[in-house]
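Enquirer: sequence and predicted structure are below.
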Amino acid sequence: MNETGEQFPSASLSSCLPGSLTDAASAETPACTELEENGGMEVKQMSLYKRSGKIKQHSKKDGVLTAEMISNSIFQLGRFGTGLQHSFYILSLPSHNLSDISVLCSYVHLQKLELPHNKIQDLSCVSHMPYLVMLDASYNEISNFFEFQPPKNLKEVNFSHNRMTKMRDLSAYASLTKLDLDYNSFSEISGLEQCCRLTHLSLAHNKISRISGLGGLPLTHLCLRGNHLEKIEGLEHLKSLQVLDLSQNRITSLSGLENLHLLGSLNLEKNLVSEIQECKHIHDLLLLRDLSLVENPVQEQPDYKLAVIFLLQHLTVLDQEAVTVEEKVSSVNMYDPPMDVVAARDHITHLVYQLMQPQVLYESTLPSTDFPYPMLVLTGPRGCGKRELTHRLCQEFNEYFAYGICHTTRGPYFGEENGLDYHFVSEEVFQSMIHTGKLIQTIQYGGHSYGLTRDAVENVAREGLACCVHMELEGVVSLKKSYFEPRYILLIPTQVEKYIGHLKARGLYTQAQMDAAVSRIELYANTSRQRPGFFDNVIPCDDWEDAYKTLRQAVKEYLLLEEQEEGENNNRASPDNTSTGHNPEEKPLSPVSMSGSTLTSHSARALDPSDISYRSYFTKIQEELHPQKSSTELASIRRREQLVREAIVGKSPGVYSQLFKSSAQPAPSSVHNDDSGNIFQEDSGSDDSRASSALSVPSSAGAFSGLAEPLHVSVMGHASETLKDHVPSSQTPNDPHPGADQLAAAVSPSSDRRPGSNVKPILPPIPTGRRTPAAPSLSPSPSPKPGMEEEGDANMEG
Ligand SMILES: Nc1ncnc2c1ncn2[C@@H]1O[C@H](COP(=O)(O)OP(=O)(O)OP(=O)(O)O)[C@@H](O)[C@H]1O
């Protein structure tokens, strides 16, 4: 038995040979005897080749194949798997200088005939071999293509390295599975249409300039190496093709391979492919593992390898080298980086460029991480209504928000105004803005650049307002890497048809742009699903009116306005209501708190000065710029005043408050935040609002309740400015409900220490507690962690 388990017959070969083949074989039996003795194919073949040396010399004389030579070279393979004996008669005469093999006409039972490296021109003897299965007549001088009667079961034929020029109809050779016609002179492929079992075809090194005649052959392997092909064609129906060798041609494009979905290996060495983009033609061939573009001009392209690996992510071998995991990751990061990678790069870029600029302290850069500048970001796919809702929100809540105007390199739409909707700038300007560190984040969208500048935020911050912007998801991811900690609200279309309707109604977008926008809905939805808490709120935006209502509600809850309104209503309903201890005429002061971990306000916390979120409310600096106040503005101011009072009343004095009390009282000085967040005192000068230090807050608070703790200096500053201007001065310090003078005396502004501004906006902090995952609906939020409050106190007092 041989390695593969094949067994050889124990009877002598001569006795096994039927008919004339037996006669021929009986002339010489040593090889057969040897086979018999050794019982293995390898030994037998060695024996045959050993003998062939002698014969070769003999045949060199005239090139005529003789029966004697045949008997030395014939052998039999057999299989005894099931008890039945299957014999396979093989004649192998390689390199015998044979030119005349007519004697083979008598060997009708031959099944495998190997005659490579001879000088044979005529193969007509094969007509007498009806059982022939394999024929190897390579390296001969045959010029006639299949000029013999077709053996019924002829499966494999090797005519490589002959002199054939023209193919002919092979419909009679329906059993053919492998056909090797390399190194001939064929200029056209033809006659194979009926070879319905042909799986392997090799026509390397011929003169074929056009692929044709392959129709729907069941080819799995096709080699057309070394021809004159300039384009790939005629392969579209070769659905079974797995291995394709088109090397050494003049092919410039990979077009024509798109349908070969089973293709696993493609050799295009030594062609003229010069564009990486050509790989897009084979991009969808998911089984393609091995590609060679060796010695194509495309290899000279920068980043050629990574680009190809990126386009063909299933490749395991490129240009005969294994593709590593690192290369795959690098290619993705280079050509289709995940959002987080883009955001990280974007962030690093802007950070580095900013650091290269002279350092400036910004209003929007609050002194500690506990006091991030408040921002509201509306995100969602293009045209989902976020822009309209952002504007509307900024209009309605103009005491709290102003629109952060981004920069873009796209041109303005009809009706858009530069400096209102966007700052429309050229790409050069945009790039120079990046390089001068002006941007916080940027994205590329629809072939244009968009970016939010520090100045855009700063301009809003300088007015004492929170910045409200709209942006795509990538912008959100990038912004999340910055020290800003906005609230993020996702506006998501849930009815695609309606969304498409909105897009169409705008009349701005091409079909491709609309398709791209629609496809991003899934991205947003997935982000929301897979990253709990990534968005603070998710609002369906199929109906913009409904969406705005929900948004408005959410924002009011962020701002703790809901309860103020409720309070107002209660006050109106019961003018004697003294539960808050204030004059019913006075509207409660509204702490505009962007804090809180979810969307529901907590009045208890809002009124708790030790709660960090309490200390976050807005100053309205515009009030100073616009002395004429509307009744609504005044009402709002009063609401805020009231909240400050409520917050102060009833709190126990902390340890530090006692210190403050004693140290603060003697000197009429003011306390400021310096730019690094340190508290310091300075002479108050003649300004009454600074007459009393923040250190006196506990005293003032104490005057209300005797139990107050000092407020954080930022709140003090805010209160000072607010109350100084707007609280009626009729109340005295001893009033249970203090008036503006008292509070003005209790606080001091420090804004004038900020470069570039003469008023200091005190902006609401967003405590870290807000970072808990938000439910997509407006559900009540958990109370802030006690630890957080303590932390807030520590910050406040320290
Ligand atoms: N700085 C930014 N960062 C990230 N995304 C931004 C930025 N500025 C604008 N975008 C977003 O880029 C997208 C394209 O903006 P553009 O104004 O061109 O679109 P639009 O067709 O008007 O859609 P929309 O009405 O949603 O803004 C929008 O989704 C927009 O919100």
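Expert: Cool, the structure landed.

Enquirer: hang on, Phe310 packs against Glu327?
Expert: No - when contacts are counted by C-beta atoms under 8 Å, Phe310 is not listed as touching Glu327 (9.4 Å). Where C-beta positions appear, they are placed from N, C-alpha and C, glycine not excepted.

Enquirer: what about the two, which has more around it?
Expert: Phe310 (21 against 18; other C-beta atoms under 10 Å).

Enquirer: helix, strand or coil for that one?
Expert: helix (DSSP: H, G, I helix; E, B strand; the rest coil).

Enquirer: pLDDT at the closest residue to it other than its chain neighbours, what is it?
Expert: Nearest non-adjacent residue to Phe310, counting by C-beta to C-beta, 6 or more residues apart in numbering: Ser331, 3.7 Å away. pLDDT recorded at Ser331 is 94.

Enquirer: repeat that for Ala691.
Expert: Ala691 carries a pLDDT value of 25.

Enquirer: repeat for Tyr362
Expert: Tyr362 is assigned a predicted lDDT (pLDDT) of 74.

Enquirer: isn't it right next to Ala456, touching?
Expert: No - counting by C-beta under 8 Å, Tyr362 stays clear of Ala456, with 11.6 Å between them.

Enquirer: neighbour count: these two, which is higher?
Expert: Using other C-beta under 10 Å as the criterion, Tyr362 and Ala456 rank with Ala456 on top: 24 against 18.

Enquirer: so what's the residue count around the closest residue to the more buried one other than its chain neighbours?
Expert: Using C-beta to C-beta, 6+ apart and skipping residues adjacent in sequence, the residue nearest Ala456 is Gly404, 4.8 Å away. Gly404 has 28 neighbouring residues, counting by other C-beta under 10 Å.

Enquirer: just want the residue of the chain that's nearest the ligand.
Expert: At 2.5 Å from the ligand, Gly475 is the closest residue in the chain, using C-beta to the nearest ligand atom.

Enquirer: contact distance from the ligand - what residues of the stretch 401-550 of the chain qualify?
Expert: Neighbours of the ligand within the stretch 401-550 of the chain, by C-beta under 6 Å from any ligand atom: 406, 410, 441, 443, 445, 450-452, 470-472, 475, 508.

Enquirer: list phi and psi for Tyr89.
Expert: As for Tyr89, its main-chain torsions (degrees, to the nearest 10) stand at phi -90, psi 120.

Enquirer: now for Leu355: which residues touch it?
Expert: Gly437 (C-beta atoms under 8 Å, 6 or more residues apart in numbering).

Enquirer: quick revisit: the residues of the stretch 401-550 of the chain next to the ligand in helices, which ones?
Expert: Among these, the members found in helices (DSSP state H) are Gly475.

Enquirer: buried members of the residues of the stretch 401-550 of the chain next to the ligand into ChimeraX, please.
Expert: A single ChimeraX command suffices to select whichever of those are buried according to 16 or more other C-beta atoms under 10 Å:
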select :406,441,443,445,450,451,452,470,471,472,475
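
Enquirer: so can I have JSON lines of the residues of the stretch 401-550 of the chain next to the ligand showing pLDDT?
Expert: Below are those laid out as JSON lines (pLDDT from 0 to 100):
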{"residue": "Cys406", "pLDDT": "97"}
{"residue": "Arg410", "pLDDT": "95"}
{"residue": "Gln441", "pLDDT": "95"}
{"residue": "Ile443", "pLDDT": "95"}
{"residue": "Tyr445", "pLDDT": "94"}
{"residue": "Tyr450", "pLDDT": "97"}
{"residue": "Gly451", "pLDDT": "97"}
{"residue": "Leu452", "pLDDT": "97"}
{"residue": "His470", "pLDDT": "97"}
{"residue": "Met471", "pLDDT": "96"}
{"residue": "Glu472", "pLDDT": "96"}
{"residue": "Gly475", "pLDDT": "95"}
{"residue": "Leu508", "pLDDT": "89"}
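
Enquirer: what's the closest of the residues of the stretch 401-550 of the chain next to the ligand to Val133?
Expert: Tyr445 (64.5 Å; C-beta to C-beta).

Enquirer: can you pull the pLDDT of the closest residue in space to Asp336 that isn't next to it in sequence?
Expert: The shortest distance from Asp336 to any non-neighbouring residue, by C-beta to C-beta, 6+ apart, is to Phe310 (6.9 Å). Looking at Phe310, its pLDDT reads 94.

Enquirer: what are the boundaries of the strands in the stretch 151-300 of the chain?
Expert: Under the criterion DSSP state E, counting those that start in this stretch, the stretch 151-300 of the chain contains strands at 156-158, 178-180, 200-202, 221-223, 243-245, 265-267, 290-292.

Enquirer: packing partners for the fifth one?
Expert: When you say that, I think you mean strand 243-245. In terms of contacts (3 or more C-beta pairs under 8 Å, 6 or more residues apart in numbering; DSSP states H and E), strand 243-245 is packed against strand 221-223, strand 265-267.

Enquirer: between these, which one is closest to Pro338.
Expert: That would be strand 265-267 among the helices and strands packed on strand 243-245, by C-beta to C-beta, at 28.8 Å.

Enquirer: hmm, who's touching that closest one?
Expert: With C-beta under 8 Å, 6+ apart as the test, strand 265-267 has contacts from 225, 242-247, 257, 282, 288-292.

Enquirer: recalculate using a threshold of 10 Å.
Expert: By C-beta atoms under 10 Å, 6 or more residues apart in numbering, the list of residues contacting strand 265-267 from outside reads 221, 223, 225, 241-248, 254, 257, 260, 282, 285, 287-294, 312, 315, 317, 320.

Enquirer: can you say which of these are buried?
Expert: Buried by 16+ other C-beta under 10 Å: 221, 223, 225, 241-248, 254, 257, 260, 282, 285, 288-294, 312, 315, out of the contacts of strand 265-267.

Enquirer: contacts with the ligand among those, please.
Expert: With the criterion set as C-beta under 6 Å from any ligand atom, no member of the buried ones among the contacts of strand 265-267 is near the ligand.
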